[in-house]
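S.K.: below: sequence and its predicted model.
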Amino acid sequence: MLVLVAPGQGAQTPGFLTPWLELPGAADRVAAWSDAIGLDLAHYGTQADADAIRDTAVAQPLLVAAGILSGAALGDIAPGAVAGHSVGEITAAAFAGVLDDTAALTLVRKRGLAMADAAAITETGMSALLGGDPEVSAAHLERLGLTAANVNGAGQIVAAGTLEQLAALNEDKPEGVRKVVPLKVAGAFHTHHMAPAVDALAKAAADLAPADPKVTYVSNKDGRTVATGAEVLERLVGQVANPVRWDLCMETFKELGATAIIEVCPGGTLVGLAKRALPGVRTLALKTPDDLDAARALITEHAQA
């Protein structure tokens, strides 16, 4: 069974959209999305520097646009399941047919703006912990006033909180943690610091008419599969202030019988986690259009299985 996954914020790099815009019709699609949401996605995906695309209000729609664009380049496929990490859940909702492309981009634009506003209230951030025992690390983070905002599986936890708390973490690492790595995000996402964004996103979601998922949709709130569009949308709203449980998503992939995972652009992070947590499952990351032939071959192989 093939699972299609979408990465979250922090996966973006300067210029990563450039080769994708060379695909037939891609530039026109991105231009139409840019007009719809009032943000020049092509500029930010091709010319903007790392600081510019670190901006939450920019990074989130840029990632969803790239995910939808690269997923469409795979052709008409029917994965066994879809899922997304953090903002990647909106990309996954588009893959599942819960939201059309424009609705997904409109929602993520409002999400990014609301989360950027929330992040501006207090200087906050996120850092990945490399190594250590997740339970030991989570307890240590709590003592420092930090939140285990992403529990990613394969032994990886991402801490979130104020910059002062993160500085304290760097000086006082949990037992077994080799390194604390700051992430390319501009706030303590998936924590109480994002509570103000929940109300704004709920208002934006009220204008949408979600359809029920056409394929199995796995929620990163708890790794459960979600059968209705209304519940998918409800979870997308609450998710901004709640931890991401990617570890539970991967457990669900295993229970569903996943044999291959393709991560859409800018792929790499989730595939890396899957390689460690799901041995034997084939993985492929869409980094550039050069990866499309291998991805299509993998899709064909699983369609024939």
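M.R.: Yep, it's here. Numbers count the residues shown, from 1 in each chain.
S.K.: buried stuff in the helix or strand encompassing residue 117?
M.R.: Take DSSP states H and E as the rule and residue 117 turns out to sit in helix 101-119. Buried residues in helix 101-119, counted by 16 or more other CB atoms under 10 Å: 101, 103-116, 118-119. Glycine gets a C-beta too; all of them are placed from N, C-alpha and C.
S.K.: same check on stretch 212-229?
M.R.: The neighbour-count check on stretch 212-229 (16+ other CB under 10 Å) flags 213, 215-221, 223-224, 226, 229 as buried.
S.K.: where in the stretch 101-250 of the chain is pLDDT low?
M.R.: By pLDDT under 70, the stretch 101-250 of the chain contains no weakly predicted segment.
S.K.: in it, which spans are helices?
M.R.: Ranges of helices in the stretch 101-250 of the chain, per DSSP state H, counting those that start in this stretch, are 101-119, 134-143, 163-171, 195-205, 229-239, 246-256.
S.K.: for those helices, which one sits closest to residue 22?
M.R.: Across those, residue 22 has its closest neighbour in helix 101-119 (19.5 Å, CB to CB).
S.K.: dihedrals phi and psi, residue 81?
M.R.: Main-chain torsions, residue 81, degrees, to the nearest 10: phi -160, psi 160.
S.K.: just checking, what packs against the helix holding residue 117?
M.R.: Packing contacts for helix 101-119, counted by 3 or more CB pairs under 8 Å, 6 or more residues apart in numbering; DSSP states H and E, involve helix 26-37, helix 56-72, helix 88-95, helix 195-205.
S.K.: can you give the contact residues for it?
M.R.: Contact partners of helix 101-119, identified using CB atoms under 8 Å, 6 or more residues apart in numbering, comprise 29, 32-33, 36-39, 55-61, 64-65, 68, 87, 90-91, 93-94, 99, 186-189, 193-197, 200-201, 204-205, 208, 236, 240.
S.K.: which two in the buried residues of stretch 212-229 are spaced the farthest apart?
M.R.: Across these, the longest distance by CB to CB is 19.0 Å; it joins 223 and 229.
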